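A.B. asks: Provided below for reference: sequence and predicted model.
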Amino acid sequence: MAALTEDIAAMAPEDAPAIRLRGVRNQFGAQVVHDGLDLDVRRGEVLGVVGGSGTGKSVLLRTIIGLQIPAAGEIELLGEKIEAGRGEMATRKLQGRFGMMFQDGALFSSLTVAQNIMAPMREKGGIPKALMHELALLKINLVGLPPNAADKFPSQLSGGMRKRASLARALALDPQVVFLDEPTAGLDPIGASNFDMLIRDLQRSLNLTVVMVTHDLDSLVAICDRIAVLLDKKVTVGTMAELVANPHPWIQEYFHGPRARAAFETPGLEDRHGEGDVP
Ligand SMILES: Nc1ncnc2c1ncn2[C@@H]1O[C@H](COP(=O)(O)OP(=O)(O)OP(=O)(O)O)[C@@H](O)[C@H]1O
């Protein structure tokens, strides 16, 4: 505890990691999902999170944003401690500094796209209604949706458009960190590639830190700076080159299997951009 605080105090804020986990333990009854898990996410990086089914990727994201309180360990998000009962002031301070795109998009089906994007603004409060609408239109443009998407309901959009709307909502409050849970799941390869490109473009232009759970090896190759592999209740982090050389059997199988070979052989993201589902 003291060591962690001293570590952080010694670092200039811009050098401090965006996210820092130490000794995190998550368990549900007798099932231990994470134990002694340490992780640093650097500011401005795209970190991919992979791991076998049920290894706790979604639980990890939920823990970082405070939706899941760990049984043990410390978590800091943008210098703020994430802990149970940290009070409304602390919660409000963090609100808007991160955005989350849930696995299934999780848009409110009874609200239009613009209303969905305005929902976090309403919750935060203090933004005049007309300005909220203007801001929603800006976000809609930012994620490459046409202006007429604003008044559509989620059910009236294609899967790819719903993903973009969901991303627009995650960006509603101009966050510094964005969490994406399986953002390209359910998209065809070209749609997925275009969505990867969008994430990369936004990350660069908005200087975002992105943490992305994905099963999509193409996404890992195309846009991730580093990859965190959930293994044995902890994470092993490295660049693609480092992980390819890692002898752990699961990593070997994952990064040397037929799907991995196909991903490595696919042309680079920039080469693939320009086709497909962008509305
Ligand atoms: N609220 C909860 N109550 C009880 N068990 C839970 C809860 N949330 C998650 N779990 C369990 O924790 C484990 C990790 O779940 P999690 O959803 O994080 O896995 P995952 O790595 O994201 O899996 P997948 O790749 O299949 O989506 C699973 O065994 C799951 O059943």
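C.D. replies: Thanks, I have it.
A.B. asks: so how far is the ligand from residue 253?
C.D. replies: Using CB to the nearest ligand atom, to the nearest Å, residue 253 is found at 16 Å from the ligand. The way it works is simple: take the backbone N, C-alpha and C, and place the C-beta from them, glycine included.
A.B. asks: same check, this time on residue 211
C.D. replies: Per CB to the nearest ligand atom, residue 211 is found 13 Å from the ligand.
A.B. asks: And the contacts of the helix or strand containing that residue?
C.D. replies: In this structure, residue 211 is located in strand 209-213 according to DSSP states H and E. With contacts defined as CB atoms under 8 Å, 6 or more residues apart in numbering, strand 209-213 is touched by 18-19, 41-50, 57-58, 60-61, 64, 103, 176-183, 199, 203, 219, 223-224.
A.B. asks: tilt between the helix ranked longest in the chain and strand 209-213?
C.D. replies: Looking across the chain with DSSP state H, the single longest helix is helix 189-206. Orientation check (axes from the mean of the first three to the mean of the last three CA atoms, to 10 degrees): helix 189-206 against strand 209-213 gives 160 degrees.
A.B. asks: quick check: mean pLDDT across helix 189-206?
C.D. replies: Per-residue pLDDT over helix 189-206 has a mean of 91.
A.B. asks: Pull out the buried residues from it.
C.D. replies: With burial defined by 16 or more other CB atoms under 10 Å, the residues of helix 189-206 counted as buried are 190-200, 202-203.
A.B. asks: Please save the CA atoms from it in CSV.
C.D. replies: Extracted C-alpha coordinates of helix 189-206, given in CSV (Å, rounded to 0.1, in the frame of the first residue of the first chain):
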residue,chain,number,x,y,z
PRO,A,189,-14.7,-9.3,-41.3
ILE,A,190,-14.9,-6.0,-43.3
GLY,A,191,-17.2,-4.4,-40.8
ALA,A,192,-14.9,-5.5,-38.0
SER,A,193,-11.9,-4.1,-39.8
ASN,A,194,-13.6,-0.8,-40.4
PHE,A,195,-14.5,-0.7,-36.7
ASP,A,196,-10.9,-1.4,-35.7
MET,A,197,-9.9,1.5,-38.0
LEU,A,198,-12.4,3.8,-36.3
ILE,A,199,-11.1,2.8,-32.8
ARG,A,200,-7.5,3.5,-33.9
ASP,A,201,-8.4,6.8,-35.5
LEU,A,202,-10.3,8.0,-32.5
GLN,A,203,-7.6,6.8,-30.1
ARG,A,204,-5.0,8.8,-32.0
SER,A,205,-7.1,12.0,-32.5
LEU,A,206,-8.5,12.1,-29.0
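A.B. asks: unless I'm mixing things up, residue 117 is touching residue 168, no?
C.D. replies: Yes - the criterion here is CB atoms under 8 Å, and residue 117 meets it with residue 168 at 5.2 Å.
A.B. asks: joint contacts of those two?
C.D. replies: Here residue 117 and residue 168 share the contacting residues 136, 139, 140, scored by CB under 8 Å, 6+ apart.
A.B. asks: check which helix or strand covers the first one.
C.D. replies: Taking DSSP H and E as the criterion, the element that holds residue 136 is helix 129-142.
A.B. asks: CA atoms of the next helix or strand after that helix as PDB?
C.D. replies: The helix or strand immediately downstream of helix 129-142 is helix 159-170, counting by DSSP H and E. Taking C-alpha atoms only, helix 159-170 is exported to PDB below (Å, rounded to 0.1, in the frame of the first residue of the first chain):
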ATOM      1  CA  GLY A 159     -25.400  -4.300 -36.200                       C
ATOM      2  CA  GLY A 160     -22.400  -2.200 -37.300                       C
ATOM      3  CA  MET A 161     -24.300   1.100 -36.800                       C
ATOM      4  CA  ARG A 162     -25.500   0.000 -33.400                       C
ATOM      5  CA  LYS A 163     -21.800  -0.600 -32.400                       C
ATOM      6  CA  ARG A 164     -21.000   2.900 -33.600                       C
ATOM      7  CA  ALA A 165     -23.900   4.300 -31.600                       C
ATOM      8  CA  SER A 166     -22.700   2.500 -28.600                       C
ATOM      9  CA  LEU A 167     -19.200   3.800 -29.100                       C
ATOM     10  CA  ALA A 168     -20.600   7.300 -29.500                       C
ATOM     11  CA  ARG A 169     -22.400   6.900 -26.100                       C
ATOM     12  CA  ALA A 170     -19.100   5.700 -24.500                       C
END
